[in-house]
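Enquirer: Build me a structure from this.
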Amino acid sequence: MEELIARVMGVQWREEDGQGVILRVAPTGGRPIVSALGNDQIPCVQQGMTYRFGGRWRTHSRHGRQFRFDGFVPQDQPDKDGVTIYLRKMVSGVGPVTAEQLWDAFGPDAVRVLREEPEKVVARGLLTAATAERASEQLKRDAANEATRLDLMSLLSGRGFQVGLVIEVCLRMWGVRSASIIRRNPYRLMLSGVPSCGWKRCDRLYLDLGHSRTRLKRQALAAEQAVCEARDGHTWHAARAIGTAVERAIGSGADPLRALRLATRGFGPIRPRLAIERVGDERYIALAAHAEEERGLAECVRRMMRWTGTTGRNSERRFSNTSSAGTSTPTGPSATSTPTTSN
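Expert: So this is what the prediction gives:
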């Protein structure tokens, strides 16, 4: 995937259903006006606004060079944290002090200046000519996703994430929309299985971004985390104990009953995170995946208990051989016991 940061000059062509469009856009840096083709969130495009498009360059036989985009986001100026962190991580020979000096000299344009006009950096006495040239080459190699990387580094750095790995995974999944998706819902990192993106880090980012502390989806994920943190070795845990954990995590405004209902039902494209079973007057909660695995094991046990071969003696001998080979018979709450209360 490549990036194109450009100002929309106008709409050159649009499909009748509004799902396809060719835009005339002016890339930053004074480059020639080009065409950008795509069909993503077209009603959101506003003439005169600058966007960051994600896609690929191609050459049309009649219309020349064009950019085919899969998505786009409004382009905001990078902040100081994003620029200085990006320079320190991406450029050898640039440490914290030099990164600060580059920001003081060129502001949000510091990365572009070092990449495209390293002589200006040398003229300011910030880097030697050799270091500046080497830095320029390094930045050019990574220029394809530069703006998105800047955005993500500003968002994720200093929070315990494996930033480099997280950025690569996000770029593969979401492209130029990565930062906007994470800002809207930081838990997408955890729910998508991105490495190093567990509950605590994503929840801290969620709160730091100013999202609602009592949002029901947060409470549902807090319930799941309470089950994950149980260390008693059981699959199933008393719903009341999990509800108490949700109240501790959320504080005032917690609604454990609704949170558990949401977690066992799922939300949006997210499948149910928890499973619930009732035993008498008590309800028990387990991770949905673990509950499904346990039910599968229980079914295997039931089939083994009912199994008879063509001759009873052969069946007994084969079953005995399997047992003596070290295969154990699994049991679980769904199969032979009731869920155990978690204290």
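Enquirer: going forward, measure contacts and count neighbours with C-alpha atoms only.
Expert: Will do.
Enquirer: Which positions in stretch 158-165 come out as buried?
Expert: Buried residues in stretch 158-165, counting neighbours by 16 or more other Cα atoms under 10 Å, are found at F161, V163.
Enquirer: Begin at 49 from now on, thanks
Expert: Sure, I'll start counting at 49 from here, so that last one is stretch 206-213.
Enquirer: Okay, buried residues for stretch 258-277 please.
Expert: Judged by neighbour count using 16+ other Cα under 10 Å, the buried positions of stretch 258-277 are 259, 261, 264-275.
Enquirer: now the residues you listed as TSV including distance to R321?
Expert: As requested, the buried residues of stretch 258-277 are exported to TSV (distance: Cα to Cα, whole Å):
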residue	distance to R321
H259	21
R261	20
L264	14
K265	11
R266	12
Q267	12
A268	8
L269	8
A270	11
A271	9
E272	7
Q273	10
A274	12
V275	10
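Enquirer: S184: which of those is nearest?
Expert: Lowest distance from S184 to the buried residues of stretch 258-277 (Cα to Cα) belongs to H259, with 38.4 Å.
Enquirer: Give me the nearest residue to N233, chain neighbours excluded.
Expert: Spatially, and ignoring its direct neighbours in sequence, N233 is nearest to Y254 (7.2 Å; Cα to Cα, 6 or more residues apart in numbering).
Enquirer: can you tell me how far D190 sits from E272?
Expert: When distances are taken as Cα to Cα, to the nearest Å, D190 and E272 turn out to be 38 Å apart.
Enquirer: nope, V349 is what I was after
Expert: V349 sits 28 Å away from E272, going by Cα to Cα.
Enquirer: Report the residue spans of the stretch 249-391 of the chain with pLDDT below the cut-off.
Expert: Judged by pLDDT under 70, the stretch 249-391 of the chain has its weakly predicted residues at 356-391.
Enquirer: burial count for L219?
Expert: The burial count assigned to L219 is 19, neighbours taken as other Cα atoms under 10 Å.
Enquirer: these two touch, right, it and A227?
Expert: No. Using Cα atoms under 8 Å as the test, L219 is too far from A227 to be in contact (9.5 Å).
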